[in-house]
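1. can't give you the sequence, but here's the structure:
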C-alpha cells in the first residue's frame, strides 16, 4: 500500500502536457520534484558547431545560439551526461532553414519540432554545418531544460457557508486551478474560473486540501511529461542513494 | 556528492554537502524532521554573490543516544523509499 495517490486530470494527445493530482505528499517533496524537473533532468541540446559555410546575414555565434534552443528528443536512460550526438544542416537559399532540416546521426535523436525557423536565406546564401548536441542539465543552461512550464498548486475545496444577502456585492470570485467536489475533481475552467457561475447566490469558502497538489507539467518535446516526472523522481532517488552510501562508509 | 564534516558530536552534526542546492536539501531536511530521534534539522545555502561558503551546510540535532549520522542515513533511506513509492504509484496511474 502506497502512501501516495496519483490521479490524472488531463493529458494532451502528444503527451507533452499533463495535469495530475498527487495526494499524501509533503510540500518539500512536491517542490523537490518540481525543481528537479526544471533543473536536473538532462536533455540533449546543440552546444558546438563546425561551420562549413555560413554566407547568411547572421554570425556563426547567433546561428549557434538559435540551434542550441531547438529541443531535441532525448529518450531517458539512453545517454550519459556529457555524451554527444552529431547533427548536420545544409540549406541553400533562397529558402528558410528550419529545425526539421537538421539531420541526426542517431535515430533516437531528432528535433522535437520540425518548424522552428533558424534563419531566412536569400539567393546565393548558404548554411552548411555540423553540430554536436550534448547531454546536460537545465542548471548549466536553460536550453537543457526539459520542462518549460512546470508548477503545482494546492487542490482546493469549496464549502457553501450560506446564502448571499439580498444586497450583497456581486463581485467576481475568480479561482484558478482544480477544486474537489464530493470526491470529483473539477478544473475551474469548466465554470469560467468564477465561483459565482458554480454557486449562484451562495456565500462560499475556499480551502486548501492538505497534502494534495495539482501538478501542471509541460515539456519542450524532448521527452513526454510522464517521462519527465519519472526522471525527476529518479534523480532525487539517485542523490539520496549516493548520500546514504557516503554516510554509511 | 562530496561530504565534509564540519562538526561531529554525539548528538549534533554539521556537514557540508557539495554540489547540492535547495532541490535535494529541502527534501532531505523534510525527511530528517520526520525521522525518529531528530530534534532539529536545517540547512543553509548562501547565494553566490555572498562570497565564500556557497555549498549547503546541513545541521542536525538529535536526542541523546541517537547518532546524528545514523539519523542522516535513515532520512536518506526514507527519501529513497518515498521516491520508489511515488514512481510506482505514478506509473500505475498512467
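-> Ah, there it is. Keep in mind the model is a prediction, meaning the values are calculated, not measured.
2. Tell me which helix or strand the residue of chain A at minimum distance from chain B sits in.
-> Distances between chain A and chain B by CB to the nearest CB are smallest at residue A:28, namely 3.1 Å. Every C-beta, even on glycine, is put in place using the N, C-alpha and C of the backbone. Assigned by DSSP states H and E, residue A:28 falls within helix A:27-35.
3. repeat for residue A:196
-> Applying DSSP H and E, one finds residue A:196 within helix A:195-198.
4. for residue B:74, same thing?
-> With the criterion set as DSSP H and E, the secondary-structure element containing residue B:74 is helix B:68-93.
5. Can that helix be said to contact chain A?
-> Yes. Judged by CB under 8 Å from any CB of the partner chain, helix B:68-93 comes into contact with chain A through B:69, B:72-73, B:76-77, B:79-80, B:82-93.
6. Ok, stretch B:29-37 next?
-> Yes. Using CB under 8 Å from any CB, we find that stretch B:29-37 touches chain A at B:29-31.
7. What's the local residue count around residue A:93?
-> 17 (other CB atoms under 10 Å in any protein chain shown).
8. Ok, residue A:104 next?
-> Counted by other CB under 10 Å, the residues lying close to residue A:104 total 18.
9. What strands flank the helix or strand that contains residue A:151, and is each parallel or antiparallel?
-> Remark: residue A:151 resides in strand A:147-163, with elements defined by DSSP H and E. Strand A:147-163 has these partner strands in its sheet, going by DSSP bridges: strand A:178-181 (parallel), strand A:202-219 (antiparallel).
10. How far off centre is it?
-> Distance, stretch centre to chain centre, for strand A:147-163: 20 Å (CA atoms, centre = their mean, to the nearest Å).
11. Buried residues in it, which are they?
-> Going by neighbour count (16 or more other CB atoms under 10 Å in any protein chain shown), the buried part of strand A:147-163 is A:147-148, A:150, A:152, A:154-158.
12. would you list those in JSON lines and tack on pLDDT?
-> What follows is the buried residues of strand A:147-163, written out as JSON lines (pLDDT from 0 to 100):
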{"residue": "A:147", "pLDDT": "92"}
{"residue": "A:148", "pLDDT": "91"}
{"residue": "A:150", "pLDDT": "95"}
{"residue": "A:152", "pLDDT": "95"}
{"residue": "A:154", "pLDDT": "94"}
{"residue": "A:155", "pLDDT": "94"}
{"residue": "A:156", "pLDDT": "94"}
{"residue": "A:157", "pLDDT": "94"}
{"residue": "A:158", "pLDDT": "92"}
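13. and of the residues you listed, the nearest to residue A:71?
-> Residue A:71 lies nearest to residue A:148 out of those, by CB to CB, at 8.7 Å.
14. what's the nearest residue to that closest one if we skip its chain neighbours?
-> Residue nearest to residue A:148 in three dimensions, not counting chain neighbours: residue A:220, with 4.9 Å by CB to CB, 6 or more residues apart in numbering or on different chains.
15. if we can go back for a sec, what's the angle from the helix holding residue B:74 to helix A:27-35?
-> Taking axes from the mean of the first three to the mean of the last three CA atoms, to 10 degrees, helix B:68-93 and helix A:27-35 form an angle of 60 degrees between their directions.
16. tell me the mean pLDDT over helix B:68-93?
-> Average pLDDT, helix B:68-93: 93.
17. Against which helices or strands is that helix packed?
-> Contacts defined by 3 or more CB pairs under 8 Å, 6 or more residues apart in numbering or on different chains; DSSP states H and E place helix B:68-93 against strand A:5-11, helix A:27-35, helix A:225-248, strand B:2-9, strand B:12-18, helix B:22-34, strand B:38-44, strand B:57-62.
18. between the strands paired with strand A:147-163, which one is nearest to residue A:67?
-> Among those, strand A:202-219 sits nearest to residue A:67 (CB to CB), with 19.4 Å.
19. about what we covered before: okay, the helices and strands packed on helix B:68-93 in TSV with distance to residue A:77 and mean neighbour count next?
-> What follows is the helices and strands packed on helix B:68-93, written out as TSV (distance: least, CB to CB, whole Å; neighbours: other CB atoms under 10 Å in any protein chain shown):
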stretch	distance to residue A:77	mean neighbour count
strand A:5-11	21	15
helix A:27-35	18	21
helix A:225-248	8	21
strand B:2-9	25	11
strand B:12-18	26	18
helix B:22-34	20	22
strand B:38-44	30	16
strand B:57-62	30	21
